[in-house]
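In: What would the 3D arrangement of this be:
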Amino acid sequence: DLAAGKAEFVASVGYDTAWQSAYCNHFVKVDYLITALNQIKLGEVKTSDQVCSLSEQRKTEYFNDYSIPQGKVHALGALLARDGSRTLLFAAQRGKRAGPFGGEEIRLMNILAPHVTRAVQVHRKLSNATVEKEWALGALDQLRIGVILTNNFGNPLFVNQAAELMLVQGEGIRTHQGRLSLSKIEET
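Out: Have a look, this model is predicted:
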C-alpha cells in the first residue's frame with residue numbers, strides 16, 4: 001500500500017524470516033523499486049537496472065542496508081495489479097555473482113507474469129465470495145426463526161442457532177444418519 005507505506009501481503013522464497021519482517025516493518029517504505037515499478041504499465045517487466053541506474057541504487061538505504069547484506073543486488077519485476085494506492089508486484093532477486101537479469105529472464109517473466117496476474121485475480125474473487133458467504137450466514141444465524149440449508153440429499157450444510165435448538169430437542173425435525181428427517185418416514 002503506497003499511501004500507507006506498508007506491505008499487507010508478502011510471500012517469498014529464499015528469504016530469512018527476519019529479513020522479511022524487516023522489509024514489512026521498515027524497508028517497504030524506502031524500497032525504490034516499488035515506486036519505480038508502480039510507474040510502469042500493468043504486466044510490463046523491468047530489471048532494477050532499467051528502472052534505476054546502479055549508481056543511483058547505491059545511494060539508497062534500501063540497496064545498502066537491505067539488498068547488499070543479503071547479497072541480492074539484481075532484481076527483475078512486474079506490476080501485476082493496481083487498485084488505488086495498492087499495488088501487487090511480482091519479482092525475483094539474485095546476487096552479484098549471478099549478474100544482472102538478461103533478455104532470457106525477461107522473456108520468461110513476460111510469459112509467467114500474466115498467469116500470476118490471473119491467479120491473483122481468481123484468488124481475490126474467491127476470497128471476496130468467502131467473505132460474502134460468511135456475512136450472509138452470520139445474518140441468517142441472527143434470525144429468531146430456524147433456518148436450515150441443505151444439499152439435494154437433505155444433508156444440512158448450515159443450521160442457524162434457532163434451528164439447532166429445534167434439532168437438539170428432537171421434536172418434529174431432527175437429523176438421522178446426517179440427513180434431516182421427521183418423526184414418520186412418510187413425512188420425511
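In: make it CA atoms for all contacts and neighbour counts henceforth
Out: Noted.
In: CA-only coordinates of stretch 128-137 in CSV, if you can.
Out: Presented in CSV, the C-alpha positions along stretch 128-137 are these (Å, rounded to 0.1, in the frame of the first residue of the first chain):
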residue,chain,number,x,y,z
ASN,A,128,-14.5,-12.0,-1.7
ALA,A,129,-17.0,-14.8,-2.2
THR,A,130,-15.9,-16.4,1.0
VAL,A,131,-16.3,-13.1,2.9
GLU,A,132,-19.7,-12.5,1.4
LYS,A,133,-20.8,-16.1,2.3
GLU,A,134,-19.7,-15.6,5.9
TRP,A,135,-21.6,-12.4,6.2
ALA,A,136,-24.8,-14.0,4.8
LEU,A,137,-24.5,-17.0,7.1
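In: From the chain's centroid, how far away is it?
Out: Here stretch 128-137 is found 17 Å from its chain centre; the criterion is C-alpha atoms, centre = their mean, to the nearest Å.
In: before we move on, what about stretch 17-31?
Out: For stretch 17-31, the distance to the chain centre is 18 Å (C-alpha atoms, centre = their mean).
In: can you check stretch 46-59 too?
Out: 28 Å.
In: what's the answer for stretch 55-72, then?
Out: 27 Å.
In: Then stretch 154-163?
Out: Centre to centre, stretch against its chain (C-alpha atoms, centre = their mean), the figure for stretch 154-163 is 31 Å.
In: same question, stretch 81-89
Out: 12 Å.
In: What ranges does the chain have for its strands?
Out: Under the criterion DSSP state E, the chain carries strands at the ranges 45-47, 74-83, 86-94, 148-150, 156-159, 173-176, 179-182.
In: From the contact counts, what lies against the last one?
Out: The one in question is strand 179-182. strand 173-176 (3 or more C-alpha pairs under 8 Å, 6 or more residues apart in numbering; DSSP states H and E).
In: So which bits of the strand it packs on are buried?
Out: 173-174 (16 or more other C-alpha atoms under 10 Å).
In: Now do the helices for this protein: every range, in order, please.
Out: Per DSSP state H, the chain carries helices over the ranges 17-25, 32-38, 48-51, 54-57, 61-62, 68-70, 103-141, 161-169.
In: Burial-wise, tell me which of those helices comes out on top.
Out: helix 32-38 (a mean of 19; mean count of other C-alpha atoms under 10 Å).
In: Identify all contacting residues around it.
Out: 28, 46, 48, 51-52, 60, 62, 77-79, 87, 89 (C-alpha atoms under 8 Å, 6 or more residues apart in numbering).
In: Reformat the strands of the chain as a markdown table; add distance to residue 167.
Out: Shown next, in a markdown table, are those (distance: least, C-alpha to C-alpha, whole Å):
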| stretch | distance to residue 167 |
| --- | --- |
| strand 45-47 | 58 |
| strand 74-83 | 46 |
| strand 86-94 | 47 |
| strand 148-150 | 10 |
| strand 156-159 | 9 |
| strand 173-176 | 5 |
| strand 179-182 | 9 |
